[in-house]
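Visitor: let me see the structure of the following:
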Amino acid sequence: MKQTDYRLAAIMYTDIVGFSKMMGENEAETLNVLRIHNRILDEAVEACHGTVIKTIGDAYMVDFRNTVEALQCAIEVQEKIYEYNKQTGSYILLIRIGLHLGDIYFYEKDAFGDGINIAARLQSFAKPGCICFSQDVFNQVLNKVDFHAEKLGRVSLKNINKEIHAYEIETKNTEFDTEKTSRNRKILVDPVKSDENTDFFHNTEEKSVATEKSQEDTSKADFFIHKIQDEKSDVNQSSAFESQNTSEGNEKASAHNIENVGAAFETIALAAGKKISDFFEKLDEHQKKSKKNKARCDGDCEDPAWTEELEAELQDEDAALYYKKVLKKLKKENTQWDFARVQKRARARFTRVVSGFVGHLITFIFINALLWAINFAVFEKKDEIKGKIETELQIAEDSLTENEKAGIENIVNKLYEMLSEGFFPWAAIVSFAWGIGLVSNFVEIFTEYKKSKELQNILPLNEEEFSLYLRIAKHRSEYIQHFCSTITIPLFLRFLHVLFSFSFPWHLIVTAVLVFGLIMNSINYIPKRAKYVDQLCELKNCDNWRSLFE
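Guide: Alright, predicted model coming up:
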């Protein structure tokens, strides 16, 4: 599967809680509940412009154009189900919903990719009647949809190796979960117990600033507590294993040991919390100073002095390694989207490509001039070369066997034929072959120049829109390179055919293959580019590609 077949999508995955049990108790009534469930899902998906990828029994897999519509659909589904549950005298309908923003691809009318897998695992992780979604979704819907979510921290999802931070919206449907379905949800970064440090997010304009600050501080503390717990996890697992396999007389002792381990965890966490608090107070002070420096240098210079100072202070601390790791992580997380910086990088990229081409061209001219000089020198002194060859052969004739003499004589005769036929431009083979690479480099300059000019004139893009634009530019660059190769390579092969006077036109076979490949690439490129352009125009509310630059 090619990377170009992937696309970014907001995926919603739903599943009915206890559906198999309901089918076992009353199949007819359960099927009636399933019909109501399907009607609610279909209406909400259609209203929010989603597309049902497939249904698996009581599960729905839905693709949305963006995360805002995905979350709106999930909330609407839970609200409609709540209205049904208030009125029904039959089975209560509870569903779990998982949301994620990621890459997916289609194969034989089915969808695959991390976007699907993580959404499905988040659905399984959610409580009955709740909506669980990833940090990627949260970042996109913040200040766009009104919701109230609890931050779960870093969670462990089955068969998912990526680091996933999750949030959960608890809807009114949880009051119908009379069985209080219990399961072990492995949250690697446990939310702090006190209300003061627990992160709850309500997406309103009045609370957005406080929410962002609270989220940042707690995620920093959670990171270190998780690290400390990981180091002690082997002790905890060993104690739990022993407590399950000992006799009743030993169970109390094992339980006492587990309590001691838990107390140790709490003590370590509190001690680390104090160090972390002091550390981030210093970090905030240095960040304020760095903002002033950034304003002076217009965001283009970086002063690592604050990190060096902090690292020097932490050399003798046990947690120094953790702090150094989080410094790098925080730098990455604090990097906000800046389209002006993207435009600047595009210009810098174009400058680097031009510089590389100039160096390539100078090397091409120098080396080929040297090769052509040697080529002409050999031709002018062909008689002298013949004489030297004959002299050397006469000197070595006594020491050679009959077979060696015959082989050397054959080679010399062919060399004589080449020298006697006239000028043979062997340097042209190197120049022509190298020239193909030079043309490819020049085409790269053209595509980078076009991309740089477009980014200077296009309407400002967010991350999702810029991702679509990059796909358009990438496919265009690949197509132009393919087109140029289809022209230059057959010309080179034709040159070799004429130079060596081949009777059979073998170069036409290669040319036909290259032309066929270009036609197939055109058939694939044109609709794919149109699809990405339509998606970008839809996001920017523009009529066509040209209107993006007005």
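Visitor: contacts only, for residue 450.
Guide: residue 476 (CB atoms under 8 Å, 6 or more residues apart in numbering). To be clear about C-beta, it is placed using only N, CA and C from the backbone, and glycine gets the same treatment.
Visitor: in the helix or strand containing it, what's buried?
Guide: Following DSSP states H and E, the helix or strand that holds residue 450 is helix 426-457. Neighbour counts over helix 426-457 (16 or more other CB atoms under 10 Å) mark 427-428, 431-432, 434-436, 438, 441, 443-444, 447-448, 451-452, 454-455 as buried.
Visitor: what does stretch 22-37 give?
Guide: In stretch 22-37, counting by 16+ other CB under 10 Å, buried: 22, 23, 30, 33, 34, 36, 37.
Visitor: per-residue pLDDT, the third one?
Guide: Okay, so that is residue 30. With respect to pLDDT, residue 30 scores 89.
Visitor: one more: the fifth one?
Guide: On pLDDT, residue 34 comes in at 92.
Visitor: roughly how far does it sit from residue 146?
Guide: 30 Å (CB to CB, to the nearest Å).
Visitor: averaging pLDDT per element, find the lowest-scoring helix or strand in this protein.
Guide: Least confident element among the helices and strands of the chain, by mean pLDDT, DSSP states H and E: helix 208-245 (a mean of 43).
Visitor: which secondary structure element is home to the residue lying closest to residue 177 once chain neighbours are set aside?
Guide: What sits nearest to residue 177 in space, not counting adjacent residues and going by CB to CB, 6 or more residues apart in numbering, is residue 128, at 4.6 Å. Following DSSP H and E, one finds residue 128 outside all helices and strands.
Visitor: count residues in the vicinity of residue 128, would you?
Guide: 19 (other CB atoms under 10 Å).
Visitor: and it, what are its phi and psi?
Guide: Phi and psi for residue 128, reported as degrees, to the nearest 10, are phi -60, psi 130.
Visitor: any idea how many residues pack against the spatially closest residue to residue 449 that is not a sequence neighbour?
Guide: Closest residue to residue 449 apart from its sequence neighbours, by CB to CB, 6+ apart: residue 350 at 5.7 Å. Using other CB under 10 Å, residue 350 has 19 neighbouring residues.
Visitor: gap between residue 350 and residue 444?
Guide: Relative to residue 444, and taking CB to CB, residue 350 is found at 10 Å.
Visitor: count of neighbours near residue 171?
Guide: 23.
Visitor: can you give me phi and psi for it?
Guide: phi -90, psi 180.
Visitor: tell me which element the closest residue to it other than its chain neighbours falls in.
Guide: In this structure, residue 171 finds its nearest non-sequential neighbour in residue 78, 4.2 Å apart by CB to CB, 6+ apart. Using DSSP H and E, residue 78 sits in helix 67-87.
Visitor: okay, that helix in PDB with CA atoms only?
Guide: Below are the C-alpha coordinates for helix 67-87, written out as PDB (Å, rounded to 0.1, in the frame of the first residue of the first chain):
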ATOM      1  CA  THR A  67     -13.200  16.600  14.300                       C
ATOM      2  CA  VAL A  68     -15.900  19.300  15.000                       C
ATOM      3  CA  GLU A  69     -18.600  17.400  13.100                       C
ATOM      4  CA  ALA A  70     -17.400  14.100  14.600                       C
ATOM      5  CA  LEU A  71     -17.700  15.300  18.200                       C
ATOM      6  CA  GLN A  72     -21.000  17.100  17.500                       C
ATOM      7  CA  CYS A  73     -22.400  13.800  16.100                       C
ATOM      8  CA  ALA A  74     -21.200  11.800  19.100                       C
ATOM      9  CA  ILE A  75     -22.900  14.300  21.500                       C
ATOM     10  CA  GLU A  76     -26.100  14.300  19.500                       C
ATOM     11  CA  VAL A  77     -26.200  10.500  19.500                       C
ATOM     12  CA  GLN A  78     -25.900  10.300  23.200                       C
ATOM     13  CA  GLU A  79     -28.600  13.000  23.700                       C
ATOM     14  CA  LYS A  80     -31.000  11.200  21.400                       C
ATOM     15  CA  ILE A  81     -30.300   7.900  23.200                       C
ATOM     16  CA  TYR A  82     -30.900   9.600  26.600                       C
ATOM     17  CA  GLU A  83     -34.400  10.800  25.300                       C
ATOM     18  CA  TYR A  84     -35.100   7.200  24.300                       C
ATOM     19  CA  ASN A  85     -34.000   5.800  27.700                       C
ATOM     20  CA  LYS A  86     -36.200   8.200  29.600                       C
ATOM     21  CA  GLN A  87     -39.300   7.000  27.700                       C
END
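Visitor: against which helices or strands is that helix packed?
Guide: Secondary-structure packing of helix 67-87 (3 or more CB pairs under 8 Å, 6 or more residues apart in numbering; DSSP states H and E): strand 7-16, helix 27-47, strand 59-64, strand 95-107, strand 130-134, helix 135-141.
Visitor: quick one: that helix to strand 130-134, angle?
Guide: 170 degrees (axes from the mean of the first three to the mean of the last three CA atoms, to 10 degrees).
Visitor: buried stuff in helix 67-87?
Guide: So helix 67-87, judged by 16+ other CB under 10 Å, has buried residues 67-78, 80-82, 84-85.
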